[in-house]
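> Next one to model:
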Amino acid sequence: MTKSLPTKNRGLAGNDGCCLNGKETGLQPTFVNSSQNEVCCGSPPGPESNSFERAGYQLRHFVEDFIDTPAGAVPRVKTQLDPSDILGTVLVRLGLNRDQYKIAPGLYCVGLPGEDSPVLVTANYKLSFDTLRRELNAVDAWILVLDTRAINVWCAAGKELFSTAEVVRRVEQTALDRVVRHKQLILPQLAATGVSAHQVKKASGFSVRWGPIRASDVKQFMADGMQAEKAMRRVTFSLTERIVLIPVELSHLPKPTLWVLLAIFLLSGIGGHIFSLADAWSRGLMVLVAYGGGIFSGAVAAPILLPWIPGRSFALKGALTGILAGLAVVSVFRAGLHWPEAMALVLISVGVSSYLSMNFTGSTPFTSPSGVEKEMRKAIPLQLAAILVAVVGWVGAAFAG
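Below you'll find the predicted structure:
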């Protein structure tokens, strides 16, 4: 059942080992004298085409070869990440190509699994897939990848993409009941908000066993007879886990910041002389620093200092760090500042910081989806009001001066 099919090239990804690719590669013809095995023109010929290759599809580097099963060939993936995987992780951590960082859904495997090997379920977000396979060294297992539209397990469950219907659909499409003899799926605990275990059992015949929170605990979980220790059930939000999120939040800012910069310098130039380029530059620079202070305090300082900032609301935590940032900006430009200008600079930092800090709410184990919506409904009007008062105070101070 688990005979490996040898290949001379890299395998394909997906249920049939394929992943869409929109590029075509031009090849320079090479002529070989078969009798003397000499190259007559150009470089030696490359390896023979893989038998699983399809026109318009791309070979994926993380597939070693294929395992033959009653349901067809299943790609066997590496458990060690290569430089391209690491580079991809770095780029998505910076927010680049995040929405397209995915693999084809379907059935994969690691090691040499058989009909009694466990079936682990994960998302088709490649970072989730890579995190799981990296932890399965020396393990024989099947990996059932759901189509979560390149969204991680936790968020996909909340968006009803890592769902009961998708689990059942993927079990049926891969003919999993022909691959394994048992009737059990191991799902990550973070998918519990989107999957009903008894509905999966009713619709597919496969029971659901909830695995640990972290992929790093999967091997120990299976070694302990599918039993999770208390620590494996606990969601954490450590300093490292918070810092990892910072680049992603910052990656969303460049585009809106261009419009913010334009508004800053236009509003700063308005005054008693209708519009002054000198004021647009000198006063605009102060607002720009306040805006930058708000970004730093909300997207960097607040998540790092999260446990030590008073209050439960993320918007409040960001407002507190924003006050400190705003006061620091005022102290830098205190010479010649009128009190409405000082108030405006502080409010700008507070509004920006509070909003950016609030964005971390959905990334934490501290709040529920309903809690996030409740906080946003309360905080966003206050944040907008702070910015509006800041604009009025800033422009009005130019006429008063």
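> for the chain, what helix or strand is lowest in average pLDDT?
Ranked by mean pLDDT, DSSP states H and E, the weakest helix or strand in the chain is strand 31-33, scoring a mean of 41.
> how far away is P340 from K374?
Taking CB to CB, to the nearest Å as the measure, P340 falls 33 Å from K374. Every residue, glycine included, has its C-beta placed from N, CA and C.
> Comparing these two, which shows the higher neighbour count?
P340 (19 against 13; other CB atoms under 10 Å).
> thought the more buried one was touching A400?
Yes. The pair P340 and A400 passes the contact test of CB atoms under 8 Å, sitting 7.1 Å apart.
> looking at it, S128 is touching T122, isn't it?
Yes. Between S128 and T122 there is a contact at 5.4 Å, judged by CB under 8 Å.
> which residues do those two both contact?
Each of V153 lies in contact with both S128 and T122 under the rule CB atoms under 8 Å, 6 or more residues apart in numbering.
> Mind listing what's buried along the longest helix anywhere in the chain?
Ranked by residue count and defined by DSSP state H, the top helix of the chain is helix 369-400. Residues 372, 375-376, 379, 382-383, 386-387, 389-391, 393-395, 397-398 are the ones in helix 369-400 that count as buried (16 or more other CB atoms under 10 Å).
> Give me the neighbour count for the closest residue to F265 other than its chain neighbours.
Sequence neighbours aside, G284 is the residue nearest to F265 in space, at 4.1 Å (criterion: CB to CB, 6 or more residues apart in numbering). Residues lying near G284 (other CB under 10 Å) number 19.
> Could you export whichever strand or helix holds G284 as CSV, CA atoms only?
Using DSSP states H and E, the element containing G284 is helix 277-296. Provided in CSV are the C-alpha atoms of helix 277-296 (Å, rounded to 0.1, in the frame of the first residue of the first chain):
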residue,chain,number,x,y,z
LEU,A,277,4.7,76.8,2.3
ALA,A,278,7.0,77.7,5.2
ASP,A,279,4.3,76.9,7.7
ALA,A,280,3.3,73.7,5.8
TRP,A,281,6.9,72.5,6.3
SER,A,282,7.7,73.7,9.8
ARG,A,283,4.3,73.0,11.4
GLY,A,284,3.8,69.9,9.3
LEU,A,285,7.0,68.4,10.6
MET,A,286,5.7,68.6,14.1
VAL,A,287,2.5,66.8,13.2
LEU,A,288,4.5,64.2,11.3
VAL,A,289,6.5,63.5,14.4
ALA,A,290,3.4,63.2,16.5
TYR,A,291,1.9,60.8,13.9
GLY,A,292,5.1,58.7,14.0
GLY,A,293,5.0,58.7,17.8
GLY,A,294,1.5,57.4,17.6
ILE,A,295,2.6,54.6,15.3
PHE,A,296,5.5,53.6,17.5
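> and the helix or strand just after it, what does it pack onto?
Where DSSP H and E defines the elements, the next helix or strand beyond helix 277-296 is helix 302-304. Counting contacts by 3 or more CB pairs under 8 Å, 6 or more residues apart in numbering; DSSP states H and E, helix 302-304 packs against helix 239-251, helix 314-332, helix 339-358.
> Could you save those helices as CSV and add columns showing distance to V77 and mean pLDDT?
Formatted as CSV, the helices and strands packed on helix 302-304 follow (distance: least, CB to CB, whole Å; pLDDT from 0 to 100):
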stretch, distance to V77, mean pLDDT
helix 239-251, 24, 86
helix 314-332, 38, 96
helix 339-358, 37, 95
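> all strands of the stretch 1-150 of the chain, in order?
Using DSSP state E, counting those that start in this stretch, the strands of the stretch 1-150 of the chain run over 4-5, 31-33, 38-41, 63-69, 72-77, 106-110, 119-123, 141-146.
> out of those, which comes closest to T240?
Across those, T240 has its closest neighbour in strand 119-123 (21.6 Å, CB to CB).
> And that closest one, how far out from the chain middle?
Mean-position distance between strand 119-123 and its chain equals 17 Å (CA atoms, centre = their mean, to the nearest Å).
> now the angle from that strand to strand 106-110?
120 degrees (axes from the mean of the first three to the mean of the last three CA atoms, to 10 degrees).
> what helices or strands is strand 119-123 leaning on?
Against strand 119-123 (3+ CB pairs under 8 Å, 6+ apart) you get helix 126-134, strand 141-146, helix 153-158, strand 184-187.
> cutoff 10 Å now
The contact analysis (3 or more CB pairs under 10 Å, 6 or more residues apart in numbering; DSSP states H and E) places strand 119-123 against strand 106-110, helix 126-134, strand 141-146, helix 153-158, helix 164-173, strand 184-187.
> Dump these to TSV, plus mean pLDDT and mean neighbour count.
Converted to TSV, the helices and strands packed on strand 119-123 look like this (pLDDT from 0 to 100; neighbours: other CB atoms under 10 Å):
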stretch	mean pLDDT	mean neighbour count
strand 106-110	97	25
helix 126-134	95	22
strand 141-146	97	24
helix 153-158	88	22
helix 164-173	96	19
strand 184-187	96	22
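> Okay, now the unreliable bits of this protein?
Scanning the chain for pLDDT under 70 picks out 1-43, 362-370, 401.
> any idea how the chain splits into domains?
Domains of the chain are assigned by automatic domain parsing as 4-22+51-233, 239-400.
> Using TSV, lay out these together with distance to P44.
What follows is the domains of the chain, written out as TSV (distance: least, CB to CB, whole Å):
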stretch	distance to P44
domain 4-22+51-233	14
domain 239-400	44
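> just so I know, which of the helices and strands packed on helix 302-304 lies nearest L144?
helix 239-251 (26.2 Å).
> May I see the buried residues of that closest one?
242, 245-246, 248-250.
> Next up, the contacts around L288.
L288 makes contact with 257, 260-261, 264-265, 268, 329, 348, according to CB atoms under 10 Å, 6 or more residues apart in numbering.
> Top of these by number of neighbours, please.
Counting neighbours by other CB under 10 Å, I348 leads these with 31 neighbours.
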